[in-house]
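> Task: produce atomic coordinates for the following.
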Amino acid sequence: MKLVEDNIVVNKPGSINIVPEEPDDLWLVHNLIAPGDVIVSHTTRKVHRECAGGKGKISTANRVRVSLEILITAVDYDKVSSTVRVQGKNVNHNQHVAAGSFHTLQLERDKEFELRKKLWKSSDVDALREGCRGASGADLAVVLMQQGLALLFLVGRRSTTLCAKIEASKAQKKSNIRFFENVFRAFVKHVDFEVIRCAVIASTGFAKDEFRRYLLEEAQRLKMKWVRNKSRIVVVETKPNKGLKLNEVLHDDKVVNLIKDTQAVMEIRAFNEFLDALSSDSERACYGPKSVETAHELLAIETLLITDDLFRSPEVATRQKYIGLSNAVKNAGGNTFVFSPSHVLGEELAKLTGIAAVLRFPVPDIDDMIDNI
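Now for the predicted structure:
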């Protein structure tokens, strides 16, 4: 995320001018914007004009570029295209758009806009600063393969993006060469070793090894510079009859070690620690709002895991509740990890109500304690 102009102070009104540069940046933008904020951005508007012609008036329509100030009423995030759409009323009248008229703006990569808030919360400022330090960007590229099918993902801190889906035709299934060519093109298009830490090729059987060999041979033949990064292209064996499971790859020790100093790995380890505790020492783990709140009252939370949907809920009371819980856990010496629902781990956490905790000490029968409250 590129910060063009910064005029914000915590708990005061202010504005920023920013340019989203990565898909993860748009998810951050989606969470920063709330109803009541103002967005200033350029857009195009169709303008109808009438002029005199040989047989009377002639109507023409042209698109003109205008700058709009929109008082936000709704915000929507499109995971597939990584764009944010904001709806609201135009604040200032101009030549082409009347004040008070409704308009939709689309915020996208490499397009500057201004965001104004009546009050900048500390959590929003922290998230913005972190995003502008380059914390978004993908840490990992993953190619999941099975017979005649390959999926290419970019895994960042806040989101997991499916960049390409390559399917072999019936004719191609008899020979891997044409299929590998198509996967190679997608890999070259989407994977930038200046950004990612490593690329993983995962499959059952020998497909992963055969494609890695093809990938490196083609890169060398075409004299591509990134071939020198071959040590960062690893293969991972996946379990048969499990389908294409990205989550399985993220938990592989080989992958974790390659990106071990990133925030993404800290989140993976925290999530794995929770799953391990839940399965082998269930009195040291809990999930669900009431169970987690009870654990907090006992000062038992070592690690809090929560989804962005809860942490940045559009409902003020819900948002304040979970921000307060997060701050209280940190003040008590614990850790908090906020998972994007667009990230594969965030999807898993959402299935467990969106909030969970690893406990400092065993808390037996925590569900019974809730029932007795």
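
> Just read off the phi/psi values of D365.
phi 50, psi 40 (degrees, to the nearest 10).

> What of N229?
Here is the backbone geometry of N229 (degrees, to the nearest 10): phi -90, psi 20.

> Once you drop chain neighbours, what's closest to it?
Nearest non-adjacent residue to N229, counting by C-beta to C-beta, 6 or more residues apart in numbering: F193, 4.6 Å away. The C-beta positions use only the backbone N, C-alpha and C, and glycine is treated the same way.

> So the one you found lies in a strand, does it not?
No. Read with DSSP: H, G, I helix; E, B strand; the rest coil, F193 is coil and lies in no strand.

> Report the contact partners of it.
Taking C-beta atoms under 8 Å, 6 or more residues apart in numbering, we find F193 in contact with A199, W226, N229, R232.

> do the same with E218
Contacts of E218 (C-beta under 8 Å, 6+ apart): F184.

> what do you get if the cut-off is 10 Å, keeping everything else the same?
F180, E181, F184, R185, F187, V188, M224, V227 (C-beta atoms under 10 Å, 6 or more residues apart in numbering).

> May I see the ChimeraX selection of the buried members of the residues you listed?
Selection of buried members from the contacts of E218 for ChimeraX, criterion 16 or more other C-beta atoms under 10 Å:
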select :180,184,187,227
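
> possible to save the contacts of E218 as JSON lines with pLDDT, distance to A141 and secondary structure?
Output for the contacts of E218, formatted as JSON lines (pLDDT from 0 to 100; distance: C-beta to C-beta, whole Å; DSSP: H, G, I helix; E, B strand; the rest coil):
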{"residue": "F180", "pLDDT": "94", "distance to A141": "16", "secondary structure": "helix"}
{"residue": "E181", "pLDDT": "94", "distance to A141": "18", "secondary structure": "helix"}
{"residue": "F184", "pLDDT": "96", "distance to A141": "13", "secondary structure": "helix"}
{"residue": "R185", "pLDDT": "95", "distance to A141": "14", "secondary structure": "helix"}
{"residue": "F187", "pLDDT": "96", "distance to A141": "8", "secondary structure": "helix"}
{"residue": "V188", "pLDDT": "94", "distance to A141": "11", "secondary structure": "helix"}
{"residue": "M224", "pLDDT": "90", "distance to A141": "15", "secondary structure": "coil"}
{"residue": "V227", "pLDDT": "86", "distance to A141": "15", "secondary structure": "helix"}
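
> now, which of the contacts of E218 sits nearest N327?
Nearest to N327 among the contacts of E218: F187, at 42.2 Å, using C-beta to C-beta.

> domains in the protein, as residue ranges please.
2-135, 138-258, 263-371 (automatic domain parsing).

> lowest confidence element among the helices and strands of the protein?
Scoring the helices and strands of the chain by mean pLDDT, DSSP states H and E places helix 366-371 at the bottom, with a mean of 70.

> For the stretch 1-150 of the chain, which segments are assigned as helices?
Assigned by DSSP state H, counting those that start in this stretch, the stretch 1-150 of the chain shows helices spanning 23-32, 122-130.

> Out of these, which is closest to K89?
helix 23-32 (19.7 Å).

> residues contacting the spatially closest residue to L68 that is not a sequence neighbour?
Once flanking residues are discounted, L68 sits nearest to N90: 5.5 Å by C-beta to C-beta, 6+ apart. For N90, the contact set (C-beta under 10 Å, 6+ apart) comprises V66, L68, E69, I70, L71, V97, A98, A99, G100, S101, F102, H103.

> same thing but at 6 Å, please
L68, V97, A99, S101, H103 (C-beta atoms under 6 Å, 6 or more residues apart in numbering).

> Quick check on those residues: which are buried?
Using 16+ other C-beta under 10 Å as the burial test, those include L68, V97, H103 as buried.

> Run a quick neighbour tally on D276.
The number of residues packed near D276 is 13, by other C-beta atoms under 10 Å.

> Now name the helix or strand holding it.
Taking DSSP states H and E as the criterion, D276 maps to helix 263-280.

> for S15, which residues make a bridge with it?
Beta-bridge partners for S15, by DSSP bridges, are N7, R116.

> Just list the residues touching it, thanks.
Contacts for S15 (C-beta under 6 Å, 6+ apart) come out as N7, E114, R116.
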